[in-house]
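J.: Turn this into a structure:
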Amino acid sequence: MTVPRAALVLALALAAGSAAAAEGCQPDQVALRGPAGQARFRVELAATEQDRERGLMDRRAMAADAGMLFVYDRPVHARFWMKDTLIPLDMIFLDPAGRVLRVAADARPMDETIIDGGPGVQFVLEINGGLAARLGIAPGSQMQSPALDQGRALWPCTAP
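T.: Reported below is the predicted structural model:
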């Protein structure tokens, strides 16, 4: 029996996520946990204004276990759009403690409509469109990342 590629990648992401705490935090990875389980993503960091403006524009594809983590110095009222972005994305808006505040699912490629993440956002994780729902990532889920202030993190890197 052949397992569909998408199902295999999701299974691998979930399995990798369950080992997140044991592995500790890596600068190019984030883990998310919630009632549905855990998932881990390899991420590119967008920590400068120039990196955040460029985002994932002009990319034709992204691996299922990949994403981009937008990091702000302080909480902001986050507003995004999909100008020049060729792939559908889920945008996961998080507070300074790593709590998911909102998920904007399946943002449409090339759409210039503003996606309002709301106030109090310090991190935005972009992953492939539809993946957040399939993995159970929803408001209240928690992120583990060395980009978080570990003293404020709901799921610090030192957590077992």
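J.: And the residue nearest the centre of the protein?
T.: Per C-alpha atoms, centre = their mean, the C-alpha nearest to the average position across the chain is that of residue 125, at 2.8 Å.
J.: Could you verify that that one is part of a strand?
T.: Yes: residue state for residue 125 (DSSP: H, G, I helix; E, B strand; the rest coil) corresponds to a strand.
J.: what's the closest non-adjacent residue to it?
T.: Using C-beta to C-beta, 6 or more residues apart in numbering and skipping the chain neighbours, the partner closest in space to residue 125 is residue 92 (4.2 Å). The way it works is simple: take the backbone N, C-alpha and C, and place the C-beta from them, glycine included.
J.: quick one: that neighbour and residue 121 touch, right?
T.: No: judged on C-beta atoms under 8 Å, residue 92 makes no contact with residue 121 at a distance of 10.0 Å.
J.: re earlier: any chance of the backbone angles for the residue nearest to residue 125?
T.: phi -110, psi 110 (degrees, to the nearest 10).
J.: Neighbours of it, how many?
T.: Residue 92 has 28 neighbours, counted by other C-beta atoms under 10 Å.
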